[in-house]
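Novice: turn this into a model:
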Amino acid sequence: MTGCEYYERCRRFIKAKLNLLGTVFSEENKYDECFCKDCHERSGRPNAYRTGNPEQNAVHQIGWARFELDVHDHKIVYMKIHQKWHVAFHGTEADTVKPILDANMLLLPGDIVLGGDKLEQRKEHTEEHDEKFDPKNIFVSPSIKYVEQKSYAKSVSWIDEHTSTEYDAKVAFEVWIRPGSYEIHGQTLEAGSERIDEYFRNDSLEWFTKERPATVLYGLLIKLDSKQKHWSRFLPKFHLFWFT
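Specialist: Here you go, the predicted structure:
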């Protein structure tokens, strides 16, 4: 994937902010894809499509750039995951990307990540459900519009040294999830009757599972929204002269 400045900008963010080794990404990069507005319109792709067995709605992540991860191809082919499993998204924080990739899977709250730190339960999943709900699950959503909300994909500020522009950056994962392994729950963003995503009902926006191997990481997603030019690094040093 070349020729798109947005895609290249997202690549610079990965290198500068996430500090990831190239080995976590596919060497071929054949499924790297830019879904910025211009690239999506030129591609002629529909916004939504059907996938999996049984079939389920899936959406393209418009406004994001996808970087293909180095997944286990033999597992994908043997289990026909790309044909039979459903597509979903997992919003997260920039600091959580590396622990997830080190484990090569989405983790449950309470898991001990590489280095000994404990994965804490996100408060959104304890405050917004009833008392009988068990928040110790892996949460994904079929809707990219849902996971890009600040409760899930928390933004981090980043200055692109190449353009001197400050961005709000968000990160998420595109995953495959095994049909039958997950339960479906409604949105917990207090959206009321306002529909969050035209392709999914509000009562079907959260999928959750305790089955770690039921999700396979497929792509790292990056979204950048410009804030302002960051001129402070380039301002000349003025000398003040006082006259009496």
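
Novice: the residue lying closest to I76 once chain neighbours are set aside: how many residues sit nearby?
Specialist: In space, and not counting its chain neighbours, I76 is closest to H82: 5.8 Å by C-beta to C-beta, 6 or more residues apart in numbering. In this view, the C-beta of every residue, glycine as well, is placed from N, C-alpha and C. Number of residues near H82 (other C-beta atoms under 10 Å) recorded here: 16.

Novice: what helix or strand does H82 sit in?
Specialist: Using DSSP states H and E, H82 maps to helix 81-84.

Novice: what's the mean pLDDT across the helix or strand just after that helix?
Specialist: Using DSSP H and E, the helix or strand that follows helix 81-84 in sequence is strand 86-92. Mean per-residue pLDDT for strand 86-92: 97.

Novice: and strand 86-92, what other elements does it pack with?
Specialist: strand 56-59, strand 138-140, helix 144-147, strand 165-177, strand 215-229 (3 or more C-beta pairs under 8 Å, 6 or more residues apart in numbering; DSSP states H and E).

Novice: tell me how far the residue sitting nearest the centre point of the chain lies from E27.
Specialist: Centroid check for the chain by C-alpha atoms, centre = their mean gives A172 as the closest residue, at 1.0 Å. Counting by C-beta to C-beta, to the nearest Å, the gap from A172 to E27 is 23 Å.

Novice: for the chain, give me the ranges with low pLDDT.
Specialist: For the chain, the stretches flagged by pLDDT under 70 are 1-2, 72-75, 77-78, 111, 113-115, 117-133, 228-244.

Novice: please enumerate the strands of it.
Specialist: For the chain, the strands defined by DSSP state E cover 33-34, 48-51, 56-59, 65-68, 86-92, 138-140, 156-160, 165-177, 183-185, 206-209, 215-229.

Novice: so which other helices or strands are in contact with the longest one?
Specialist: If I follow you right, that is strand 215-229. Under the contact criterion of 3+ C-beta pairs under 8 Å, 6+ apart, strand 215-229 touches helix 5-13, strand 65-68, strand 86-92, helix 94-103, strand 165-177.

Novice: before we move on, what about the first one?
Specialist: With contacts taken as 3+ C-beta pairs under 8 Å, 6+ apart, strand 33-34 sits against helix 5-13, strand 65-68.
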